[in-house]
Structure formats: C-alpha cells, structure tokens
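Enquirer: Give the three-dimensional model of this entry:
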Amino acid sequence: MPQAKAASTRRSSKSSTSSGSSSQRAASKPSSAAPAPGPEDAPDAAASPWAPVSHRERQREAKRNAVLQAAAQLFNERGFHATSLDDIAARLNVTKPTLYYYVKNKDEILLQCVSKGLQMMLEGIAASRAAGGKAIDQLMTCMQVYARIVTMDFGMCLIRVGDEQVPPESRKELRRLKSAIDQEFRRLVAEGVAEGSIQPCDPKITAFVIAGALSWIGRWYQPGGEYTAEQVAQQCIATLCDGVLRRPAQAAVPEVVPVPAAQRKVGGAKAKTPARSGKA
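Expert: Residues are numbered from 1 along each chain as shown. Now for the predicted structure:
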C-alpha cells in the first residue's frame, strides 16, 4: 500500500507539471480569438469642465466689451461723474465685484470708451483713404464716417465726455489721436483746393469747421428721434458743403449781334454822320 500511494503521488505530480507546462505554452502563444487591446479600447478621457483657452478668452473679451458698452451709454445719458460702478453693474444685471474681473476702475472704463471711439474714426478714415479717388471724394467719405460714428455709443462718449476727464497720463495719447484726425481733414482740404474741387480757403480753419460741426451732432443727436443717424449725417454734410445762403440764378443775358455802323439808327432813323468842321 505504501508503494501504491507513492506511485499515485508521482502520477499526480507529473500530471500537475504537465498541466502547468501546457498552461505556460498556451499563455505564451498568441490567440487569434482575443486580440490585444488597442487605443480605441482605452477608457474615455475625463471631460474638462473648463472651456478651451481660446474660447474662454473670447468670452472674457465679449463680457469686457459689454461692460464698456453699458458704461458708454450711461456716461452719455447721465455724465461721467454722475455714473457709478454700481450703475454699470445694475445695467448689466451683475454685482459690482464682477466688474473688477474686466476693468480696474471707472477711469479706465472712460479711457477705453474714448479710445474705442477714436480708433473707430481713424480706421474709417484710413479705409476711405485706401479706397483712393479724388480728394473731394475721400473728404466726403471721411465726413460721412465721422458723422456716423458720433451717433454711436463710443463716438458719442468721445464727444460728450471729453478728454479733460481722462486720467492725465492718458490725456496726451488721446490728444495725439485727435490730432491725427484733424491732420487728415486738413490734408484732404488742401488737396481738394489744389485739384480745384474746393474753393480756395485756409485748410486749418476749414478742417476745424468741418470737425467741429460734425462733432456737435454727438451732443444733440438722440437715437429714435425724428431723423435717423444717416439722415442727420447727410443733411449736415450737405449744409457744410452747399452753405446756407441762397444763390439766385444769374439772369440770362441775350446774345448781342453787332450791327454795321451804316445801319445804326437813332430814334428809328438812320444815324447821320456828323459833318466835319475841318477843325481838329
């Protein structure tokens, strides 16, 4: 019996060894029924609750522009000093601390509003210049651009508030931009005089008159009034260009046909040639 038990133990051990070897060979041999996992089998990446950087930047810029737009409207309606950050926040339905994510203070808001108005004008004037054409055509386009912008929120803010309320450190830059607009008007007036489309004048004074008259639109114009912004611009430009004095039509002068001396009559009779007296 001990021998039989030993034999049984040896068979069991051999069987286990054989089974283990078979398992190892099976494990080392690739199976066509179970392919190796690929990238598509990897678990999905966790979705980020934050938008991509570019998207976040666009959203922030859009919200910042909304702050400036609301501020410009309130500055135009109430004046700069009578408008508070609380007023701007209330117009946007946000809290006052929310504004500080986009602007530092009210002075910075005013500076940005005025800068936007100036930049819009400079870009419009540059576009009219790039379009080419005669000086008078460019001047008319610039006047239309200027008149249209001063009826918009940022342009109106530029005119109604004025750069004297802008922080001193920024005032110099704003005046430089305004000077660039003035110089462009002067250049076009001078070129118009040279080409004969504008009557002789002092380009400096004429540029001041044009810019001053069109700027004043931004002070009295009210959206939703009797005239649209386009109608206001057209009428003001027509008045500047044509003047206010009525020029009476010159009476037609009949053509005079010369009559030979021998056929001239005095009182219905032929004119007599006076007799010579013989004296000089």
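Enquirer: roughly how far apart are Lys116 and Ser54?
Expert: 23 Å (C-beta to C-beta, to the nearest Å). Using the backbone N, CA and C atoms, a C-beta is placed for each residue, glycine as well.
Enquirer: Looking at these two, which one has more neighbours?
Expert: Lys116 (20 against 8; other C-beta atoms under 10 Å).
Enquirer: What is the burial count for Gly132?
Expert: 8.
Enquirer: Correction: the previous question concerned Pro203.
Expert: 18.
Enquirer: wait, what's in contact with Glu230?
Expert: Arg148 (C-beta atoms under 8 Å, 6 or more residues apart in numbering).
Enquirer: Work out for me the element it sits within.
Expert: Here Glu230, judged by DSSP states H and E, is contained in helix 229-242.
Enquirer: List the buried residues in that helix.
Expert: Ala229, Val232, Ala233, Cys236, Ile237, Leu240 (16 or more other C-beta atoms under 10 Å).
Enquirer: and that helix, what's its mean pLDDT?
Expert: In this model, helix 229-242 has a mean pLDDT of 92.
Enquirer: Please apply the same query to stretch 200-215.
Expert: For stretch 200-215, mean pLDDT rounds to 95.
Enquirer: just how off-centre is it within its chain?
Expert: 24 Å (C-alpha atoms, centre = their mean, to the nearest Å).
Enquirer: contacts for it?
Expert: 143, 146-147, 150, 159, 181-182, 185-187, 189-190, 193, 198, 236-237, 240.
Enquirer: Give the closest residue to the most centrally placed residue in the chain in space, chain neighbours not counted.
Expert: For the chain, the residue nearest the mean C-alpha position is Met120 (4.1 Å; C-alpha atoms, centre = their mean). Distances taken as C-beta to C-beta, 6 or more residues apart in numbering place Ile149 nearest to Met120, at 5.1 Å, with adjacent residues excluded.
Enquirer: pretty sure that neighbour contacts Ile125?
Expert: No: with contact defined as C-beta atoms under 8 Å, Ile149 does not count as touching Ile125 (10.0 Å).
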